[in-house]
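Chemist: Output the structure for:
(one chain, ligands or ions: 1)
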Amino acid sequence: MSGDANAGAGDSATADASRADGSRSPPAADTASDTADTADTAAGATPAGLTAREAAAADADDSTPPLRLANVTKRYEGGAGTVTALSDVDFAVDAGEVVAVVGPSGSGKSTMLNLLGLLDDPTEGRVELHGAPVAGRTERERTDVRRETIGFVFQDFHLIPTLSAVENVRLPTAFLPEDATDRAVDLLERVGLGDRLDHTPDELSGGQKQRVAIARSLINEPDVLLADEPTGNLDRDTGVSVLEEVREIAAGGVGVVAVTHDDLVTDYADRTVELVDGVLRDA
Ligand SMILES: Nc1ncnc2c1ncn2[C@@H]1O[C@H](COP(=O)(O)OP(=O)(O)OP(=O)(O)O)[C@@H](O)[C@H]1O
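Modeler: Coordinates of the predicted model:
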C-alpha cells in the first residue's frame with residue numbers, strides 16, 4: 001500500500017517512496033472516480049453535495065463506523081484476465097478499536113487497504129465514510145477528505161530523509177496557511193521523541209522512525225489509522241512499544257486497521273479478521 005494520504009505535499013513524496021522501495025504499491029489512485037462522479041452529478045449532486053454528505057455524516061448516529069466497506073468486490077482486469085481480489089467483503093472499523101487483518105500473500109490485503117484509504121474504488125459495493133458513500137466525490141474532494149480523516153503508517157516509515165522529525169511530522173500540513181510546528185512538537189513529545197525533534201531519519205532508530213511516522217499520521221487528527229505491517233521492520237521489544245502507542249491512539253477514539261503478518265499485532269488487536277482468496281472472515 002502506498003500513497004500517503006496524510007499528506008498534501010507528502011502525498012506524492014511518500015507514494016513515490018513506496019514505489020521506489022518496492023513495498024505495497026496500489027493501482028493508480030483516484031482514477032476510477034470519474035465515472036462515479038458523473039453518475040453522482042447526474043443524480044443531482046454537485047460539488048456542494050460534499051457539504052450535504054458531511055452534514056449527513058454529522059447527523060449520523062454515533063455508532064456509525066467511521067469507515068466501512070459495504071459488500072465490496074474488487075476485480076482487476078489485466079492482460080492475463082480478470083482477478084477477483086476481494087469478494088463481497090463487508091467490513092467496518094469502529095471508533096476506538098484496533099482491527100488486525102491477516103491473510104496469505106495475494107489474499108487481497110493491499111487491495112482492502114487501498115479501498116479503505118480511498119485510493120481505489122470497488123468494482124461493486126460501497127466505501128462509506130461516517131455512513132456516507134465515497135463514490136461521487138471528485139478527486140480533489142477525495143484528497144481533502146482523506147487528508148482530514150485517514151492517517152497512514154507504513155512498514156518502511158516513508159519519512160523524507162532530508163527533513164527533521166518535526167519537519168516530517170508537519171509535512172502533511174505544508175499547504176495549509178497555519179504553521180503546524182507546535183502541534184508537530186506536541187505529537188513528537190507524546191510519542192516520546194521530545195528530545196529528537198531535529199534529528200533526521202538516519203539519526204533515529206527503527207522504532208523512533210516509526211514513532212515519527214505515527215506522529216505524522218496524527219497531525220490532521222484522523223478518525224482512522226491504516227497501518228501496513230507497522231511492526232514489520234521492528235524487533236519485538238520495539239514493536240511492543242509502538243503497539244502500545246497505537247493502543248493509546250485507539251483509546252483516544254481513533255479506529256485502527258493494521259494489515260500484518262505479526263502475531264504481536266494480533267495480540268494487541270481487539271479483533272482479527274482473515275482474508276483468504278479475497279473472502280473476509282473472522283479469525
Ligand atoms: N493492479 C492489479 N492488476 C491485476 N491484479 C492485481 C492488481 N493488484 C493486485 N492484483 C491481484 O489481486 C490479488 C490480491 O492482491 P493484493 O496485493 O491485494 O494481495 P496481498 O494480500 O496484499 O498480498 P501480499 O501480502 O503479497 O502483499 C492478487 O492475486 C494480485 O495478483
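Chemist: Check whether A258 really touches V99, as I assumed.
Modeler: Yes. Between A258 and V99 a contact is recorded at 7.2 Å, counting by Cβ atoms under 8 Å. The way it works is simple: take the backbone N, C-alpha and C, and place the C-beta from them, glycine included.
Chemist: for the stretch 151-283 of the chain, what spans make up the strands?
Modeler: Per DSSP state E, counting those that start in this stretch, the stretch 151-283 of the chain carries strands over the ranges 224-228, 255-259, 271-276, 279-282.
Chemist: Same drill for A258 and V99, tell me which one is more crowded.
Modeler: A258 (26 against 20; other Cβ atoms under 10 Å).
Chemist: Contact partners for A70?
Modeler: Taking Cβ atoms under 8 Å, 6 or more residues apart in numbering, we find A70 in contact with D90, G125, R126, V127, E128.
Chemist: Now do the shared contacts for A258 and V99.
Modeler: Shared contacts of A258 and V99, defined by Cβ under 8 Å, 6+ apart, comprise A269.
Chemist: What parts of the stretch 51-200 of the chain come near the ligand?
Modeler: For the stretch 51-200 of the chain, the contact set with the ligand under Cβ under 6 Å from any ligand atom comprises Y76, G78, V83, A85, G103, S105, G106, S107, G108, K109, S110, T111.
Chemist: Quick one: list the elements packing against the one helix or strand L113 maps to.
Modeler: Taking DSSP states H and E as the criterion, the element that holds L113 is helix 109-116. Contact here means 3 or more Cβ pairs under 8 Å, 6 or more residues apart in numbering; DSSP states H and E; on that basis helix 109-116 packs against strand 67-78, strand 81-93, strand 98-102, strand 224-228, strand 255-259.
Chemist: Redo those strands as TSV? Include distance to S217 and mean pLDDT.
Modeler: What follows is the helices and strands packed on helix 109-116, written out as TSV (distance: least, Cβ to Cβ, whole Å; pLDDT from 0 to 100):
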stretch	distance to S217	mean pLDDT
strand 67-78	15	97
strand 81-93	15	97
strand 98-102	14	98
strand 224-228	6	96
strand 255-259	10	97
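Chemist: Kindly reformat the strands of the stretch 151-283 of the chain as CSV containing distance to the ligand.
Modeler: Output for the strands of the stretch 151-283 of the chain, formatted as CSV (distance: least, Cβ to the nearest ligand atom, whole Å):
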stretch, distance to the ligand
strand 224-228, 9
strand 255-259, 7
strand 271-276, 6
strand 279-282, 12
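Chemist: nearest to L176, of the ones you listed?
Modeler: For the strands of the stretch 151-283 of the chain, proximity to L176 was assessed by Cβ to Cβ; strand 224-228 is nearest, at 20.3 Å.
Chemist: List the contacts of that closest one.
Modeler: 1, 5, 23-24, 66-67, 93, 110, 113, 116-117, 149-155, 217-218, 246, 249, 254-260.
Chemist: mind running it again at 7 Å?
Modeler: By Cβ atoms under 7 Å, 6 or more residues apart in numbering, the surrounding residues in contact with strand 224-228 are 1, 24, 66-67, 93, 113, 116-117, 149-155, 217, 249, 254-259.
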